[in-house]
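Asks: the sequence and its predicted three-dimensional model are supplied below.
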Amino acid sequence: MRADWDLIVTPWHLDEHIPAFPIPANVTETISPAPAHVTQRYQAVADAAARATRPLLLSGDCPAALGAVAGLQRRHRDLAVVWLDAHGDFNTPAITISGYVGGMALAMLTGRAPELFGDALGLRPVADAHAVLADARDLDPAERDALTVSQVRRVPADPAAITSALDEIGGMPVYLHLDVDVIDSAELPGLRFPSGPGPSVARIEECLAAVCATGDVTAAGIACAWRPDRVGDRATRETITRLAGALGADVAWSEPAGR
């Protein structure tokens, strides 16, 4: 029997605090509004993940996953990462077009650009071959090239494809990461970085449930990458509830939702 999820919320997008970020009534720990420095905040995420029995992180950005994994590494020698995202998050300072740090999260998890956050967090690089990247339909050219020469396992957002890749890795503990922008942007309005046609919410629910049913998912994170003016909407909360439910987590809300 798996332990219940411990909800950890960090309502930030990099150094931007998101006042409207939805905080579940059954949250275990909220990392807000201090510390304000982004590295300190990810360290606080690491500490919270290390304390939690089975952390489920709700965040406003993807790099918060670095803190979660660093915290998990205090009790797990090796981890696999399943990363569902419309983007590859595999840019580095050397190849990025935009300079956007949020687009470097998976690269940093696998040991690239450790000077940004990894060194400060004490993060041990996740081996490329232990990382499964699902969907990633929206890639920069140099990012695509970097993924091609890496050993990261790329698959479609398909339950069978993801679990097959995970089976090839073996039975190590899994950190399961979802950026909601992997979902078709017509079905999920208000995203910061919409990427056009993609899998439905129902399809992503199937992917999450399949990974939890077949893998040793010891922790998970949902990057709630809606715009600040939309993240508090009723539809947003409903989507978070559905996605968390696919993981087997109950999310309760006490405050009235927005429109």
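Replies: Nice, thanks for sending it over. Quick caveat: nothing in here was measured; it's all calculated off a predicted structure. Numbering: from 1, shown residues only.
Asks: what strands line up against the helix or strand of the chain with the lowest mean pLDDT, and which way round?
Replies: Across the helices and strands of the chain, the lowest-confidence element by mean pLDDT, DSSP states H and E is strand 16-17, at a mean of 93. According to DSSP bridges, strand 16-17 has the following sheet partners: strand 12-13 (antiparallel).
Asks: and the partner strand, how far out from the chain middle?
Replies: Mean-position distance between strand 12-13 and its chain equals 13 Å (C-alpha atoms, centre = their mean, to the nearest Å).
Asks: what does it contact?
Replies: Strand 12-13 is contacted by residues 18, 21, 31-32, 38, 41, 59-61, 64, 102, 192, 225, 228 when judged by C-beta atoms under 8 Å, 6 or more residues apart in numbering. Using the backbone N, CA and C atoms, a C-beta is placed for each residue, glycine as well.
Asks: likewise for stretch 133-152?
Replies: Stretch 133-152 is contacted from outside by 82-88, 90-92, 95-97, 103, 106-107, 110, 127-129, 131-132, 153-158, 161-162, 182, 193, 195-196, 198-199, 207, using C-beta under 8 Å, 6+ apart.
Asks: ditto for stretch 233-249
Replies: For stretch 233-249, using C-beta under 8 Å, 6+ apart, the contacting residues are 2, 4-5, 7, 22, 56, 58, 176, 178, 180, 183, 188-190, 201, 204-206, 208-209, 212, 217, 220, 222, 224, 226, 230, 250-251, 253, 257-259.
Asks: can you mark which positions in that stretch are buried?
Replies: Neighbour-count burial for stretch 233-249, counted by 16 or more other C-beta atoms under 10 Å, picks out Asp233, Thr236, Arg237, Thr239, Ile240, Thr241, Leu243, Ala244, Ala246, Leu247, Gly248, Ala249.
Asks: quick check: mean pLDDT across that stretch?
Replies: The pLDDT scores in stretch 233-249 average 97.
Asks: what of stretch 133-140?
Replies: The pLDDT scores in stretch 133-140 average 98.
Asks: tell me the contacts of Leu106?
Replies: Leu106 neighbours (C-beta under 8 Å, 6+ apart): Cys62, Val81, Trp83, Asp85, Gly88, Asp89, Phe90, Ala131, Leu133, Val152.
Asks: just the pLDDT at the fifth one, thanks.
Replies: In other words, Gly88. 98.
Asks: hmm, back to that, of all the contacts of strand 12-13, which comes closest to Asp119?
Replies: Val38 (14.2 Å; C-beta to C-beta).
Asks: which residues touch Pro199?
Replies: With contacts defined as C-beta under 8 Å, 6+ apart, Pro199 is in contact with Asp135, Ala157, Val182, Ile183, Asp184, Cys207.
Asks: sorry, that was for Ala129
Replies: Per C-beta under 8 Å, 6+ apart, neighbours of Ala129: Gln151, Val152, Arg153, Ile169.
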